[in-house]
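> Sharing a model prediction with you, sequence too.
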Amino acid sequence: MFDKILIANRGEIACRVIKTARKMGIKTVAIYSDADKNALHVSMADEAVHIGPPPANQSYIVIDKVMDAIRQSGAQAVHPGYGFLSENPKFAEALAAEGVAFVGPPVGAIEKMGDKITSKKIAQEAGVNTVPGYMGLIEDAEDAVKISNQVGYPVMIKASAGGGGKGMRIAWNDDEAREGFQSSKNEAANSFGDDRIFIEKFVTQPRHIEIQVLADAHGNCIYLNERECSIQRRNQKVVEEAPSPFLDEATRKAMGEQSCALAKAVGYASAGTVEFIVDGDRNFYFLEMNTRLQVEHPVTELITGIDLVEQMIRVANGEPLSITQDDVKINGWAIENRLYAEDPYRGFLPSIGRLTRYRPPAEVALDSHVVRNDTGVFEGGEISMYYDPMIAKLCTWAPTRLQAIEEMRIALDSFEVEGIGHNLPFLSAVMDHPKFVSGDMTTAFIAEEYPEGFEGVTLADADLRRIAASCAAMNRVAEIRRTQVSGRMDNHERRVGDDWVVTLQGMSFAVKVAADTTGSTVTFDDGQALRVAGNWTPGDMLANMSVDSAPLVMKVGKVSGGFRIRSRGADLKVHVRTPRQAELAQLMPEKMPPDTSKMLLCPMPGLIVKIDVEVGQEVQDGQALCTVEAMKMENILRAERKGVVAKINAAPGDSLAVDEVILEFE
Amino acid sequence: MKDILQELEERRANARLGGGQKRIDAQHSKGKLTARERIELLLDEDSFEEFDMFVVHRCTDFGMENQRPAGDGVVTGWGTINGRMVYVFSQDFTVFGGSLSETHAQKICKIMDMAIQNGAPVIGINDSGGARIQEGVASLAGYAEVFQRNIMASGVVPQISVIMGPCAGGAVYSPAITDFIFMVKDSSYMFVTGPDVVKTVTNEVVTAEELGGASTHTKKSSVADGAFENDVEALAEVRRLVDFLPLNNREKAPVRPFFDEPGRIEQSLDTLIPDNANTPYDMKELIHKVADEGDFYEIQEDFAKNIITGFIRLEGQTVGVVANQPMVLAGCLDIDSSRKAARFVRFCDAFEIPILTLVDVPGFLPGTSQEYGGVIKHGAKLLFAYGEATVPKVTVITRKAYGGAYDVMSSKHLRGDFNYAWPTAEIAVMGAKGATEIIHRADLGDAEKIAQHTQDYEDRFANPFVAAEKGFIDEVIQPRSTRRRVSRAFASLRNKKQENPWKKHDNIPL
């Protein structure tokens, strides 16, 4: 076995690989850019080599620099993680030339599968079902429009070298094809250094289901069942699970066998993923093969008990697989939620900055359930604009799907992230969404269920009462402490009463709090009584409560005269007042937030790349107004309605903060 | 006998109605509470003891003798906030628009005299159209009597003004003298002369809100220390503030039970200071992570944001915090920030509240507007305030402490009790670049040499150790252990006794 392995990556995946390498007794080498000097993967590794400035194209994807790091550290093998150089055949070649093992498939397999056009041809030849599309290269935007028409709208425009949603657009008409082609091409050139684009039919009502394969250099190939990754936003996966709630055993077997056939056809040896699009009749079509470890691999590990990174390292070391297809079982259910530094209330725009607080839920591995969090960040760390906005992969496992979902809900509620915008509330909302819970989803789930974007969660009466009862009990603790300040008038102390009115989400609940040594009984005015227990004390930012013996986890913040409570995707201001205070509070006017409807606000910190309009110009609903670049993604901001531009406050090159006014309308 | 008891109840009920139900409804329709409702919210339930409920005015001009409502437009008395005694007056807009008469003023003076004598804070709730015109100079005399007591009470008991309606003309000078002014957004305003007079005299057209609303006074003029959304919120926040304050200048800052480990380590503070010395970071994160339970009561949050002032607790005891904010103007001192911090420091010193100073200051803001505005004298206020303060003073230098601003920010030389520095601190006369250009003027043409000199200067001086070698820094501490170190420092200073030479009073450069 190797003595030392270098991980040519960063973030959570570098940390993930280091964990397994350490378990196998292999020393680890991290590489890092200037931006990652203090990163978690650097402190976890046995040694670390600096490889350049923050932009990936000057550090993590510069083959020469990584090769230097390998030489310098004397690593005998390299795990590339995902992204960066993981599917770059030139890198694999460079490693081979120096006699360093690549923890991944042979160069030939990467080349064949790395090009989407070639891969499709090979797949067809190997007897794998494929989607209709145009395989040739596309010259320009007009050519793209012509081809799109031939294939028939809707079409998918994709970067040939792309992945993970980058350089990918769906077009429903000629205009979108033209625009999509151009932006895909730009993004592809920036992200992958390869601007080739291809177009294929966009299958409607699709589910994204992929097969994990594992092959060795001795001609053995097995499939480790499927992962369902249909919950995506703009082709970026958000929630994955294994197994899929949709597949039957026959389809699973057919997909698995076709995947193995494809792997064998290209002489595959390592872990790989064959992605399929599956329609409502369980017809499945080959999408692409990812010749690397997939982001969502933990769910497969959780249901099969197989450490994929370990298997990859063993295969790279020339060992034959020790597992046969018969050994692969489906044990229970696993769900992964990807925590992104993206603000769900602002159209999921990237958010960067310092993690002033980062406290993931405790990892547990019990027979009843498992909580696993793959992360590459830490409290006090920085989410930079240079890399992927994913900051953690939270996974839960339980014997059944519904139990796994419930564990995920609690884990999400327990996950504390402050300082940046993030999608935790959105993930909570998905975990409670009836369609997700029933398993009835397509890749259009997010677009269809949240057409206007995510506007937060409105909780049902029963949930509100659980929170109200908890807050009433918590407030009692806080009030009693207030009465214990020094300097009181003896014998004339304030007594904290039992009657309170809890106001939240526009509702008021009159309650009576009866506290005893083990908790409080909170009685509502309609007679309902909830038993609340928990050890919350003032200042705790997480309240682990139990309400009628069911867990309730809430993030607790301060708002003037009350609590800010975040739970189950809702973000509430909760006021607990005496009946008289509540009566007087009723008299207070409701104040409307300032009218920003006639302004275009910068939705994230970023750089203005382009302003598309002029003062006095009339713009139509949906027309592009300007482009803001953040985290290497170009975001086109569009007019929400027809209007006339009155004032432009920013110019290309300006770097703007959140909510700065870019344009004003008449 | 029964009739007499009955009559008392009737008289009380009548007094409690103030200007009558119609005016109470009008007050409510403006989103404002009545004088008594406000007192109810301010004080502990059933703790209010009223004085002078039956006082009536003595004016006999303009038919005033026919309208003599009990209480005369102000409700006064005392009660408790979380069991601690405070005096309160609350002007009743439903009675003659809350206007101040001779007797109205006498009621206020009575509770102020008692507050000074008995050592309890005074909270004034202002909602008044101004002087009672019908009473003429008697009303003006009333104001002055109140002012005189405000002045006598200053530094003896905390005085808090809550502006919950109009406060114009001479009336503004009572709040102006008090320690804190809070306003309610959209329903309160303060000015010396109103929009009509402004229009006549200067031809400026301005609304009452623009001229003297909460936004103006919290952001532009710094007259107000905070603004709240409505009456309910404002009064809840005043209660919260009172919990931080001692009742008078003879008492130590209050202590209450706390649920936070004084030795709490905050690993994340080790990465608070960015790699690049010119990159800002949020000093409030440090304040929140040092404070008990992350609880911070900020004063003048929206004004001169390059300096942060407010109250936290350490081990349950109130501590005043003054901190440079690198996010705004790089945290430099200027006229506004010096004035803001100086006043805060003097409040803390007057009321025995220990002071924690967090320093990241690149110097004083240069420029003609600063010099013409008298930054010399304004900067000196902060210097003076720190130098005269005898309360426990603990200072932590997180990054820059350059030039005269280093001296000003509670340095060891101004009788700082504990002066800590993080390893990232740079205590020097100025930044390396500026210093090099002066010291090595001869090499200015040679970029390479200058770069080398700059590097040398940085290596030698851009650290806390030169100052530590001289004993100007007591200890260089790990950022993560700041809360523990600072808590222990203040704990060791609980019996601090320090006195300034006798003087009638000092002559701070006002």
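Nice, I can see it.
> drop to CA atoms for contacts and neighbour counts, all remaining ones
Fine.
> low-scoring stretches of the chain, by residue?
This is for chain A. A:135, A:162-165, A:594, A:631-633 (pLDDT under 70).
> meant chain B actually
Counting by pLDDT under 70, chain B contains low-confidence ranges at B:1.
> And the strands in the stretch 151-300 of chain B, which stretches?
B:159-163, B:166-168, B:180-184, B:189-191, B:226-228, B:297-299 (DSSP state E, counting those that start in this stretch).
> Now for the residue in the stretch 301-450 of chain B that chain A sits nearest to: which residues touch it?
Nearest to chain A, among the residues of the stretch 301-450 of chain B, is residue B:316, at 8.9 Å (Cα to the nearest Cα). If a contact means Cα atoms under 8 Å, 6 or more residues apart in numbering or on different chains, then residue B:316 has B:255, B:256, B:257, B:258, B:292 as its contacts.
> which ones are touching the third one?
Neighbouring residues of residue B:257 by Cα under 8 Å, 6+ apart: A:481, A:484, A:485, B:316.
> My guess is the third one contacts residue B:242. True?
No. Applying Cα atoms under 8 Å as the test, residue A:485 and residue B:242 come out as separate, 10.5 Å apart.
> Could you tell me which residues of the stretch 551-666 of chain A lie near chain B?
A:560, A:561, A:581, A:584, A:585, A:587, A:588, A:589 (Cα under 8 Å from any Cα of the partner chain).
> Next up, phi/psi of residue B:359, please.
In terms of degrees, to the nearest 10, the main-chain angles of residue B:359 are phi -110, psi 130.
> State the number of residues packed around it.
Here the neighbour count serves as a burial measure; for residue B:359 (other Cα atoms under 10 Å in any protein chain shown) it reads 30.
> Ok, which of the strands of the stretch 151-300 of chain B comes nearest chain A?
Comparing these against chain A with Cα to the nearest Cα, the closest turns out to be strand B:226-228 (8.8 Å).
> Quickly run through the sheet partners of that closest one, with directions.
Looking at strand B:226-228 with DSSP bridges, its paired strands and their directions are strand B:180-184 (parallel).
> can you give me the angle the strand it pairs with makes with strand B:159-163?
Interaxial angle of strand B:180-184 relative to strand B:159-163 (axes from the mean of the first three to the mean of the last three Cα atoms, to 10 degrees): 20 degrees.
> And the contacts of strand B:180-184?
Applying Cα under 8 Å, 6+ apart, the contact partners of strand B:180-184 are B:159-165, B:175, B:189, B:214, B:223-231, B:234.
> Contact residues of the stretch 51-200 of chain B facing chain A?
Within the stretch 51-200 of chain B, the positions near chain A by Cα under 8 Å from any Cα are B:80, B:81, B:82, B:83, B:84, B:85.
> neighbour-wise, which of those leads?
residue B:82 (30 neighbours).
> show me the contacts for that residue.
Under the contact definition (Cα under 8 Å, 6+ apart), the residues listed for residue B:82 are A:482, A:483, A:484, A:485, A:488, A:493, A:494, B:43, B:44, B:243.
> try residue B:345
Here residue B:345 is in contact with B:320, B:322, B:355, B:382, B:385, B:386, B:389 (Cα under 8 Å, 6+ apart).
> Tell me which of the contacts of residue B:257 fall in helices.
Judged by DSSP state H, the contacts of residue B:257 include residue A:481 as members of helices.
> Show me which of the contacts of residue B:257 are buried.
With neighbours counted using 16 or more other Cα atoms under 10 Å in any protein chain shown, those contain these buried positions: A:481, A:484, A:485, B:316.
> got the phi/psi numbers for the closest residue to the third one other than its chain neighbours?
Spatially, and ignoring its direct neighbours in sequence, residue A:485 is nearest to residue B:256 (4.2 Å; Cα to Cα, 6 or more residues apart in numbering or on different chains). For residue B:256, the backbone dihedrals are phi -140, psi 160 (criterion: degrees, to the nearest 10).
> now residue A:227
Its backbone dihedrals place residue A:227 at phi -130, psi 140, with angles given as degrees, to the nearest 10.
> In contact with it, which residues are there?
Taking Cα under 8 Å, 6+ apart as the definition of contact, the neighbours of residue A:227 are A:209, A:210, A:211, A:212, A:240, A:241, A:242, A:243, A:244, A:299, A:300.
> how many neighbours does the fourth one have?
So the one you mean is residue A:212. Counted with other Cα under 10 Å, residues neighbouring residue A:212 total 25.
> In which helix or strand does it reside?
Residue A:212 belongs to strand A:207-215 when elements are defined using DSSP states H and E.
> Which other helices and strands does that strand contact?
Contacts of strand A:207-215 with other secondary structure elements, assessed using 3 or more Cα pairs under 8 Å, 6 or more residues apart in numbering or on different chains; DSSP states H and E, are made with strand A:221-233, helix A:249-265, strand A:270-278.
> if you skip the residues just before and after it, what's nearest to residue A:204?
Across the structure, with Cα to Cα, 6+ apart as the measure, the residue nearest residue A:204 apart from its sequence neighbours is residue A:279 (7.7 Å).
> unless I'm mixing things up, the one you found is touching residue A:202, no?
No. With contact defined as Cα under 8 Å, residue A:279 and residue A:202 do not form a contacting pair (11.4 Å).
> Of those two, which one has the most company?
When residue A:279 and residue A:202 are compared on other Cα under 10 Å, the one with more neighbours turns out to be residue A:202, at 21 against 16.
> and stretch A:623-631, how far out from the chain's middle?
Once both centres are worked out by Cα atoms, centre = their mean, to the nearest Å, stretch A:623-631 turns out to sit 22 Å from its chain's centre.
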